[in-house]
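# Sequence first, then the predicted structure, then my questions.
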Amino acid sequence: DGIVELAGIAKEAGADAITAINTFGPVFDFRIGSDGTPGRIVGAQGAKGGLSGSAVFHMALTDVAEISRQINIPVLASGGVMNAERAVKMIMAGASLVQLYTVLHEKGINAPAALSRLTREMLSYMEQHNISQIADVKGVALPLMERSTELKPRIPLVNVLGCIGCNACVRVCLPGAFQEIEADNRAGHAVAIDQDSCVGCGHCISECPVTDVLTLPPE
């Protein structure tokens, strides 16, 4: 709520847009030497520095969405955008522009080639998901934030024919809700979910490498 309030104050003061959230910090870290002694790895005073890259993406995505939803002002999204999907997520969360930094900074002098690769990845992602113009999907995810929280777990649906039998879902399911079953697909087997064991955490959906094999049922 604090960042939304600040965004509102900035708008009232005449700001044309808001950048959110960039680097988070200051944060403290240190290395442990071969002798077990802690030592500084950040040269700034107090051995504190800024946290950026993948670690801040979901904080950035949340803040971009909340500002876009509550404050009528363009939002420039930054923080952990490492690939095309994350760039699209920022746009779907309401961003008007997306900044890339860490993903390019890591490449050093090879950053221009990395930017070209990301551009191709973005065009490929849009084609794969039938997005003709990126502006068409701006803010489409914001209604998700309006939906009420359900206490009853929503059990994912399994597209048996699309399952490739990799068992990625099985490995990450702590309640052990998955079981292998025979199936008439390429792998010859698929997975089924025990309705009583599943807690609805959604980890299996994020780990599945094939789109739309594991999905939540309609609300």
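Now that the structure is in, tell me what you want to look at.

# out of everything not next to it in sequence, what's closest to A44?
The spatial neighbour of A44 that comes closest, neighbours along the chain excluded (Cβ to Cβ, 6 or more residues apart in numbering), is P26 at 7.7 Å. (C-beta placed from N, C-alpha, C; glycine too.)

# in which helix or strand would I find that neighbour?
P26 is part of strand 24-28 when elements are defined by DSSP states H and E.

# which residues touch that strand?
The contact list for strand 24-28, computed with Cβ atoms under 8 Å, 6 or more residues apart in numbering, reads A44, G46, A47, K48, G49, G50, L51, S52, A55, V56, M59, G79.

# can you do 6 Å?
When contacts are defined by Cβ atoms under 6 Å, 6 or more residues apart in numbering, strand 24-28 is touched by residues K48, G50, L51, V56.

# Spit out the contact partners of the second one.
The one in question is G50. Counting by Cβ under 6 Å, 6+ apart, G50 has contacts T23, G25.

# switch to 10 Å and redo it
If a contact means Cβ atoms under 10 Å, 6 or more residues apart in numbering, then G50 has N22, T23, F24, G25, P26, V27, V42, A44, V56 as its contacts.

# Please report the distance of it from I21.
Between G50 and I21 the computed distance is 11 Å (Cβ to Cβ, to the nearest Å).

# Name the SS class of V81, please.
Under DSSP: H, G, I helix; E, B strand; the rest coil, V81 falls in the coil class.

# my bad, should have said N72
Using three-state DSSP, the structure places N72 in coil.

# Thought S96 was touching it, still the case?
No. Counting by Cβ atoms under 10 Å, no contact exists between N72 and S96, whose distance comes to 11.9 Å.

# And the two? Which one has more around it.
Shown here are N72 and S96; by other Cβ atoms under 10 Å, S96 has more neighbours (18 against 9).

# in this structure, what spans have low per-residue confidence?
Scanning the chain for pLDDT under 70 picks out 1, 149-151.

# Go again with 80.
Residue ranges of the chain with pLDDT under 80: 1, 42-47, 147-151, 219.
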